[in-house]
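Asker: just a sequence and a predicted model for now, questions to come.
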Amino acid sequence: MVDAIVSVVVERLAATLEEEIRNEVNLVRGVENEIRSLSEDLKKVRYVLEDAEKKGYKDKSVKGWLTRLENTTYEMDDVLDEWNYSVLKFRIEQSSDHADVVPPKKKVWSSFVPYPCLCFKKVVTRHAIALKIEQVKTRLDLILAEQVRFGFHEIKSQPNEPSHQSSRVQTTSLIDLEEVCGRKFESENLVSKLVGGGGSGEELGVSVLSIVGTGGLGKTTLAKLAYNDSRVMSCFQLRIWICVSDPFDEVGIANEIIVGAGGSKPNTNQFERVLKCLNKTIFGKKFLLVLDDVWTEDSTKWEPLRICLKGGGLGSRILVTTRNERVALMMSSGKNDIHHLGHLSHEECWLLLSRIAFSGKSEKEREKFQNIGRKIVNKCKGLPLAAKTLGSLLQFKNSVEAWDNVLNSEIWELEEVEDDLFRHLLLSYKELSPTLQRCFSNCAVFPKDTEISVEGIIRRWLAMGYLGYSSDWEVRGREYFDKLAMRSLFQDFSRTSNFDEESIASFKMHDIIHDFAQFLRKSVGSRMRETNCQACSPLLVSQVEKYRSLFLTRELYDPHFCDGLTSVRLLSLANCGLRGIPEEIEKLIHLRWLDLSWNNFMVEGDLKSICKLYCLQFLLVPGCNLKEIPLEIGNLIQLKELDLSYNELIEELPESMCNLRELESLNINSCTALVRLPQGIHRLVNLKHLYNEYTEFFKQYPQGLAQLTSLVTLENFGNQDGSKLGWLKNLNRLSKSLELTIELSSGDDSSVVEDAREAELRNKKRIRNLEIFFNESTMGGEEVVKEASAWNDILDALEPHPNLPTSEMDSIAPQPTHMYLPLRL
């Protein structure tokens, strides 16, 4: 666990020394030796970390040593960020006298910027950072000096990153019966209670049944078996599945039940009105309501819902799954209506593990691993999730020695891990590379049962520095996600289909997996920085220290950022009711990802304070009522993604935006007042995605667009006001959908035909959907016949590539009475 952060800092320090030698310049004058020594010391300590972490579970003094090492390494990581910020700030201040500065083309890696001409005039700043490096080095020396007395063994082998096929995934309420092992007796018993009479609440029309057991035991699986049983399906008029998790949001749960019962979600958050709507929706109807994963013991949260649900038809049932028997009792389940879920038998557990572990193996290989595999099953202690996790681990081990190593791993014998299952999960975790370890444990920042966007988590990983700094970070992020998914660390995958391509769009984490991820971050931030702030809770400061992230969702009228929060790198204040950007946001110099979506900013020039956050890579400000983008936006030279969508008052974008050479995505969807793009757009050489739907008032596209050969997404384009279809000629990476608006005018249309031919759409082989609109400036008399002929000539000249899916071909004949005529090819 400690190795995850140590390895990252080692790479950053090594990059510093490499750039110093390459450019023959002292980047950290006065502390070069300290940095070199730091790098060497951390490289050496990595060799003993595996042994140290094993001993740390039994020996509290070793655990304390690991905690001090981890937190000191995080401090060094923050110091490197401060240096990077100072370098960027100096460079921007140096160029502030120039009206149109283009940043150097050289790629910035890690926390130090290698420019030979770069030297700090502000000696005080340089001295302060050098002093911090020396202080961290002094503390680290003391920590490393202690390792001798612990007698750690060096293990120089590095964790292996698996490269194997993805395992089976599950949905939330649907189940593949062939994948279930055991639970037949429990399922029959539960189904009989659901469809039969009796129950503690039968006289009231609704009874409550509960499944109680530890996490990972299969409570949800059993509930799914009953929920999808044909006898249950025919018995109830309504079946509704709600995943409750923690916290218990009574208003949200009531709304979900309404929607699940076929009603419409009420346009209010007042609990009284929502309950009335719920009662009306289910009144007199026999329903089965599954409340999966309930945690709260607070009866005041459940009581109003319970009373409201009594209006259901006679024989209605509520099925609850929970880890806590007190929760079941609180929800009015009688002792006879509580099912304590037992463990799987040895044979059932073996069947589950072997089905996964032997996937793709020959009969001869299965015989070879049979005996040792049955011994490993004994360690699962009947936990289905443990069997599944171990099965995934063993699936890609092809020698008896590797299986034997799993069996004899000392991790099995550790007694102080917070949950028995963590012994199983630690095996999978330790086989991940340090980078994958950080990616996985970072997912604990999300609340339980959160549906996590794959694209979103990849962007967060990049902002946290987990994906390096190469241009293929999206591909690398997807590979990392796939590797974690293969280990059964994620579940409940939602897939999306883009024409002939299918990919995972979102996922969830099992509660036990989530608990494990939180456990991995337990010691981080235990040495929290001192602060006299009374406004920020210790829990808030602790969260920032553990995850370097802060996601706030409640209304904040005057958000405050104290010194204890300055290490935050990811900050979300979306939908927080902000009327302006907090002034103190300038303190957050480590910030790389900032989401201010859907706040109604009332003050012009609000974005100027953000433009001092020079390390920022992702800026999301859709729907913020912005009127203008300041010139200072060009200072954010690290920016990769800028989302300005749904700001309907922005009329133009400043030319300084073209300084953002690292920008890969610009979203101006529904910027309905926007009339043009910056003329210097050709300088955005890394731009891949230009989202420009619903920008009807565009007057002209700049000619520089033709030079953006990396462009993958361009949703709209047209030849109005001097723009040329031929500018698309070299944009052969365009994919997905493209909408063309072609303007015809009275006179000779041969120039438009020739322009269409120069677009060379036949070379845009990744476009899957093409729509063409003709905008006619004249209509009437003989012009109608002439224009109709011109349409055909232009379509012939465009010549879309022949592999455009035939399923998307839909020709609409020209109609003279329409101004815009779509043609889907």
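Answerer: Perfect, thanks for sending it.
Asker: what ranges do the helices span in the stretch 551-700 of the chain?
Answerer: With DSSP state H, counting those that start in this stretch as the criterion, the stretch 551-700 of the chain has no helices.
Asker: could you do the stretch 101-250 of the chain as well?
Answerer: Going by DSSP H, counting those that start in this stretch, the stretch 101-250 of the chain shows helices at 123-150, 184-195, 219-227, 230-235, 250-260.
Asker: just say which of these is most tucked in.
Answerer: Of all those, helix 219-227 has the most neighbours on average by mean count of other Cβ atoms under 10 Å, namely a mean of 23. C-beta here means a position set from N, CA and C on the backbone, and glycine is covered the same way.
Asker: give me the most central residue, the chain.
Answerer: Ile457 (1.8 Å; Cα atoms, centre = their mean).
Asker: thinking again about what came up before, now the helices of the stretch 101-250 of the chain as TSV including distance to Tyr646?
Answerer: Below are the helices of the stretch 101-250 of the chain laid out as TSV (distance: least, Cβ to Cβ, whole Å):
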stretch	distance to Tyr646
helix 123-150	39
helix 184-195	46
helix 219-227	38
helix 230-235	42
helix 250-260	25
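Asker: the residue nearest to the centre of the chain reaches Phe440, doesn't it?
Answerer: No: with contacts counted by Cβ atoms under 8 Å, Ile457 stays clear of Phe440, the gap being 10.5 Å.
Asker: state the distance from Asn267 to Asn599.
Answerer: Asn267 sits 21 Å away from Asn599, going by Cβ to Cβ, to the nearest Å.
Asker: and the two? Which one has more around it.
Answerer: Using other Cβ atoms under 10 Å as the criterion, Asn267 and Asn599 rank with Asn599 on top: 22 against 7.
Asker: now the more buried one. Nearest residue, chain neighbours left out?
Answerer: Closest residue to Asn599 in three dimensions, ignoring its sequence neighbours and counting by Cβ to Cβ, 6 or more residues apart in numbering: Leu578, at 3.9 Å.
Asker: phi first, then psi, for that neighbour.
Answerer: The phi/psi pair for Leu578 (degrees, to the nearest 10) reads phi -70, psi 140.
Asker: per-residue pLDDT, it?
Answerer: The pLDDT attached to Leu578 in the predicted structure is 86.
Asker: now Ser230
Answerer: On pLDDT, Ser230 comes in at 92.
Asker: tell me the spacing between Gly263 and Gly182.
Answerer: The gap separating Gly263 from Gly182 is 37 Å, by Cβ to Cβ.
Asker: correct me if wrong: the residue nearest to Asn599 contacts Asp595.
Answerer: No: applying Cβ under 8 Å, one finds Leu578 not in contact with Asp595, separated by 11.7 Å.
Asker: pull up the overlap in contacts between these two.
Answerer: By Cβ atoms under 8 Å, 6 or more residues apart in numbering, Leu578 and Asp595 have no common neighbours.
Asker: so after the helix or strand hosting Cys308, what's the next helix or strand?
Answerer: Here Cys308, judged by DSSP states H and E, is contained in helix 299-309. For helix 299-309, the following helix or strand on the C-terminal side (DSSP H and E) is strand 316-322.
Asker: and that next one, what does it pack onto?
Answerer: The contact analysis (3 or more Cβ pairs under 8 Å, 6 or more residues apart in numbering; DSSP states H and E) places strand 316-322 against helix 184-195, strand 206-212, helix 219-227, strand 287-294, helix 325-330.
Asker: wait, which of those is closest to Ala145?
Answerer: When the helices and strands packed on strand 316-322 are compared by Cβ to Cβ, strand 287-294 sits nearest Ala145, at 47.0 Å.
Asker: which elements pack onto the closest one?
Answerer: Against strand 287-294 (3+ Cβ pairs under 8 Å, 6+ apart) you get helix 219-227, strand 238-245, strand 316-322.
Asker: as TSV, the ones you listed with distance to Phe697 would be great.
Answerer: Converted to TSV, these look like this (distance: least, Cβ to Cβ, whole Å):
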stretch	distance to Phe697
helix 219-227	51
strand 238-245	44
strand 316-322	53
